[in-house]
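Undergrad: Need the 3D shape of this:
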Amino acid sequence: MEALDGQQSAAESAPLLPKNGMVLGFDYGTKRLGIAVSDRDQRFASPLYNHQRQGLQGDERFLRRVLMEYRPVGFVVGLPLHMNGDESQKSQEARGFATWLTGLFGLPCEFQDERLTSWQAESLLLAAEFTKKQRKERMDKLAAQILLQAWLDRRRPAAPAQTSEDAPAEH
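TA: You can find the predicted model right below:
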């Protein structure tokens, strides 16, 4: 499965996913899956589910229901890398999960570097003064939202630089 790894720009590798349609983002874990969804225009990501893993059959049943409801055009799976960019054992597990998803549902999958997404999610939840229990209930789906939003932002063409003629007039 050829996919972007979060280190390549969209210009360096042709994207596999269509430019329109909902995309599901996954923060993969052996105990829980954080799941986020994009809008159809692929501009914004929203947290969706924290799924407690239930073995492959249980996960498949749950994900089939999610796919029936949202009808995504593909998946983005977070790729846990070491801070120096090297892959880890968790990276290989996430790649295996992506292969399983693609084989099961026949939809394309890309990867997004997920370094620091859990830290970002935890920081946001702490700043919002959620209790430890509330943070745990929200953590994985928020991490999935952060990594999916990063993927969406990376795919979006850069906005042209604003010139002085484009700037709003001062009053």
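Undergrad: Flag the shaky bits of this protein, pLDDT-wise.
TA: Applying pLDDT under 70 to the chain flags the ranges 1-15, 115-139, 158-171.
Undergrad: All the strands of it, residue numbers only.
TA: Along the chain, the segments classed as strands by DSSP state E run 23-27, 32-38, 45-52, 74-79, 109-113.
Undergrad: other SSEs contacting the second one?
TA: With contacts taken as 3 or more CB pairs under 8 Å, 6 or more residues apart in numbering; DSSP states H and E, strand 32-38 sits against strand 23-27, strand 45-52, helix 55-70, helix 132-155. Bear in mind the C-beta positions are built from the backbone N, C-alpha and C, glycine included.
Undergrad: CSV for these, including distance to residue 89 and mean neighbour count?
TA: Shown next, in CSV, are those (distance: least, CB to CB, whole Å; neighbours: other CB atoms under 10 Å):
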stretch, distance to residue 89, mean neighbour count
strand 23-27, 16, 29
strand 45-52, 21, 19
helix 55-70, 19, 13
helix 132-155, 19, 21
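Undergrad: quick one, which of these is nearest to residue 105?
TA: Closest to residue 105 of the helices and strands packed on strand 32-38, according to CB to CB: helix 55-70, at 6.2 Å.
Undergrad: packing partners for the closest one?
TA: Counting contacts by 3+ CB pairs under 8 Å, 6+ apart, helix 55-70 is packed against strand 23-27, strand 32-38, strand 45-52, helix 89-105.
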